[in-house]
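Q: Got a predicted structure plus its sequence, pasted below:
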Amino acid sequence: MSLAVRNVLVVDDDERILAMYKRCFDEPWRTHCASNVPAAQSLARGQPFEAAVLDLHVGPTSSVPLIRALLAANPHVRIMVVSGYLTTDTTVAVVRAGADVVVDKPIRPREVLKRLLS
């Protein structure tokens, strides 16, 4: 039996992290990576995503507007925000924007899958 392809968007400004996530998500996932928010927004306009893993700060840019854009394109997208710099205020901001899961870095790849899909 063939599983339907599911698209996941991964946004991080660290190429090593993007490569790790690309290895982490295997079939039926198709991983789309972006190293900045404008590139991620361009990808989001081109197709719906079932899931997204976003670094909170991609370079100097916050991912909060991207959360809103992803939800506007697909209200059912599951969004995980990861950051090494979480505060109570930033956690509240990303949850209010619509993130489903917020976690501190570092996080193991399989833990990402487990938390994102639970």
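A: Structure received. All of these numbers come straight from a predicted model, not from anything done at the bench.
Q: what's the first-to-last distance across stretch 74-88?
A: Length of stretch 74-88, first residue to last, CA to CA, to the nearest Å: 27 Å.
Q: So for it, what gets flagged as buried?
A: Neighbour-count burial for stretch 74-88, counted by 16 or more other CB atoms under 10 Å, picks out N74, V77, R78, I79, M80, V81, V82, S83, L86. C-beta here means a position set from N, CA and C on the backbone, and glycine is covered the same way.
Q: and what of stretch 48-56?
A: Taking 16+ other CB under 10 Å as the neighbour-count basis, stretch 48-56 is seen to contain the buried residues F49, E50, A51, A52, V53, L54, D55, L56.
Q: got a markdown table for the buried residues of stretch 74-88, with pLDDT too?
A: Shown next, in a markdown table, are these (pLDDT from 0 to 100):
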| residue | pLDDT |
| --- | --- |
| N74 | 88 |
| V77 | 93 |
| R78 | 94 |
| I79 | 96 |
| M80 | 95 |
| V81 | 96 |
| V82 | 94 |
| S83 | 91 |
| L86 | 90 |
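Q: which ones among those residues are found in strands?
A: Secondary structure assignment by DSSP state E places R78, I79, M80, V81, V82, S83 of those in strands.
Q: For the residue nearest to the last one when sequence neighbours are not counted, give me the backbone phi and psi.
A: This means S83. The shortest distance from S83 to any non-neighbouring residue, by CB to CB, 6 or more residues apart in numbering, is to L56 (3.6 Å). Phi and psi for L56, reported as degrees, to the nearest 10, are phi -60, psi -40.
Q: Spit out the contact partners of L56.
A: Taking CB atoms under 8 Å, 6 or more residues apart in numbering, we find L56 in contact with S62, S63, V81, V82, S83, Y85, L86, T90, V94.
Q: switch the cut-off to 7 Å
A: Applying CB atoms under 7 Å, 6 or more residues apart in numbering, we find L56 in contact with S62, S63, V81, S83, Y85, T90, V94.
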